[in-house]
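Participant: my questions are about this predicted structure, shown below with the sequence.
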Amino acid sequence: MKTVSGAFLTMLQDNASLVQADLYTITLSSGTVLRYTSAQQPIVYGGNTYAAALLDSAPGFHRGQWRCSRGLNADDLEVDILYDATTRILGLTPAAFAAAGGFDLARIQVDKAMAPDWSNPVVNGVVNVFTGIVAETKSGDSKVALTVNSMTVLLNAAFPRNYFLPQCNHALFDGGCGLAKTSYAVSGTVSSTGGAPAVGAFNSSCTQADGCFALGSVVWTSGVNAGLTSVVKTYANANGAFALIYPLPAIPAVGDTFTAYPGCDKTQTTCTSKFGNAAKFRGFPYVPTPETLEVGGTGSQPPTPTGGMGGAGIPHIGRGPGGLAGNFKQQ
């Protein structure tokens, strides 16, 4: 059931026609909140201003159809962010912002606002259309397409929450890990690059030990790739050589700057020796692997050993190839 304020209900009853627009509240994973509207002018509601596409270099929005039903189905909503050469989101074009992971795990709330007209809009309340989490982004020509999952998708979380695996269940720098990402940031500068084949590799001013940034990331702070985040495949101390998992859109130039962050392979050794964070390690490297022991013999009668582990009439546990054939199996 959708609930509305008394003023909103009165507006519906007292007006034969109304204009409407969508209000988009985007809460990024960093906590930053962005507000936009599909109206032709900014809308003020709840003490917040929703920027319009025709002003403030704000992007335009178009959404797909939505369905309202009762139950636990995890529905999707398609939201298109439209832009031109002047459109910026936190200083970046929408395509560059999406490529840098800006919309990853962002929460989007879509509300419908109504008013008698937009000449002097008074928004007396809104109706929530959809609230969900961004699951996928696709960049196209003057458009970034977002697939937004309903909040009920959170019910699809794996159970139990933690698995008994040798690797750590935490992600590096998350709340469980407890390490501050800013404390491990390293500023670097590109010292040399190759031709087109080297678009995913470059040398730098970094002097950290071999493997320091492997599985980590590089955030470009200047040059043609500014704003992008690259995942590091390997790092070598010699020449501060980086190799990236995916090629960059453009070859960086000598002098381009970046911020590098170390990576973690989630093993206990790395957690202890590289980060000194063994107290927060959430892996289980000492849990033995499952094994099955089978009693040997033919038919329903076990063999009667002449020596070894048991006496007469006591089932004998096989010793693999050196004992009774086929009596020991490991799974």
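Facilitator: Good, I have the coordinates.
Participant: kindly provide the distance from the nearest residue to Leu18 once chain neighbours are set aside to Met11.
Facilitator: Once flanking residues are discounted, Leu18 sits nearest to Met114: 4.6 Å by CB to CB, 6 or more residues apart in numbering. For the C-beta atoms, the positions are set from N, CA and C on the backbone; glycine is no exception. Distance of Met114 to Met11, computed by CB to CB, to the nearest Å: 7 Å.
Participant: what does Ser273 give?
Facilitator: 65 Å.
Participant: of those two, who's got more company?
Facilitator: Legend: neighbour count by other CB atoms under 10 Å for Ser273 and Met11, higher for Met11 (19 against 10).
Participant: quick check, the more buried one in a strand?
Facilitator: No - looking at Met11 with DSSP: H, G, I helix; E, B strand; the rest coil, it is helix, so not inside a strand.
Participant: count the residues that sit near the nearest residue to it once chain neighbours are set aside.
Facilitator: Excluding the flanking residues, the one nearest Met11 by CB to CB, 6+ apart is Asn124, at 5.2 Å. Neighbourhood size, Asn124 [other CB under 10 Å]: 18.
Participant: touching, Asn124 and Leu18? I think so.
Facilitator: No - Asn124 is beyond contact range of Leu18, at 10.8 Å (criterion: CB atoms under 8 Å).
Participant: next, the buried residues of whichever strand or helix holds Phe130.
Facilitator: Assigned by DSSP states H and E, Phe130 belongs to strand 126-140. Buried residues in strand 126-140, counted by 16 or more other CB atoms under 10 Å: 126, 129-130, 132-135, 137, 139.
Participant: helix/strand/coil for Leu179?
Facilitator: Applying three-state DSSP: Leu179 is coil.
Participant: contact partners for the spatially closest residue to it that is not a sequence neighbour?
Facilitator: In space, Leu179 comes closest to Phe173 once its chain neighbours are excluded; the distance is 5.5 Å by CB to CB, 6+ apart. Applying CB atoms under 8 Å, 6 or more residues apart in numbering to Phe173 gives the contacts 179-181, 184, 261.
Participant: all strands for the stretch 51-200 of the chain, in order.
Facilitator: Assigned by DSSP state E, counting those that start in this stretch, the stretch 51-200 of the chain shows strands spanning 60-63, 76-82, 107-115, 126-140, 143-150, 186-192.
Participant: nearest to Val232, of these?
Facilitator: When the strands of the stretch 51-200 of the chain are compared by CB to CB, strand 186-192 sits nearest Val232, at 11.4 Å.
Participant: so after that closest one, what's the next helix or strand?
Facilitator: strand 201-204.
Participant: what's that following strand in contact with?
Facilitator: 188-194, 239-244, 252, 258, 260.
Participant: can you say which two of the residues you listed are spatially most distant?
Facilitator: Longest span within the contacts of strand 201-204, CB to CB: Gly194 and Ala260, 19.3 Å.
Participant: can you get me a residue count around Arg107?
Facilitator: 16.
Participant: I figured it hits Gly31, correct?
Facilitator: No - the pair Arg107 and Gly31 fails to qualify as a contact (CB under 8 Å) at a distance of 10.5 Å.
Participant: and the residue nearest to Ala51 when sequence neighbours are not counted, what's its pLDDT?
Facilitator: Closest residue in space to Ala51, ignoring its immediate chain neighbours: Ala58 at 3.9 Å, by CB to CB, 6+ apart. pLDDT for Ala58: 88.
Participant: which ones are touching Ala58?
Facilitator: Ala58 neighbours (CB under 8 Å, 6+ apart): 36, 51-52, 87.
Participant: buried members of the contacts of Phe173 into PyMOL, please.
Facilitator: Filtering those down to the buried ones (16+ other CB under 10 Å) takes a single PyMOL command:
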select buried, resi 179+184+261
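Participant: how many neighbours does the nearest residue to Asp265 once chain neighbours are set aside have?
Facilitator: Excluding its sequence neighbours, the residue lying closest to Asp265 (CB to CB, 6+ apart) is Leu215, at 6.1 Å. The number of residues packed near Leu215 is 18, by other CB under 10 Å.
Participant: how much space between Leu215 and Leu92?
Facilitator: 25 Å.
Participant: same thing with Ala51?
Facilitator: From Ala51 to Leu92 the distance is 16 Å (CB to CB).
Participant: hmm, which helix or strand of the chain has the shakiest average pLDDT?
Facilitator: Least confident helix or strand, the chain: strand 328-329 with a mean of 48, by mean pLDDT, DSSP states H and E.
Participant: more neighbours: which of Gly194 and Ala260?
Facilitator: A count of neighbours by other CB under 10 Å puts Ala260 above the other of Gly194 and Ala260, at 24 against 11.
Participant: the more buried one contacts Phe213, correct?
Facilitator: Yes - using CB under 8 Å, Ala260 is in contact with Phe213, at 5.1 Å.
Participant: overlap in contacts of these two?
Facilitator: With CB under 8 Å, 6+ apart, Ala260 and Phe213 have common neighbours 186, 206, 232, 242.
Participant: nearest to Asn169, of those?
Facilitator: Val232 (22.4 Å).
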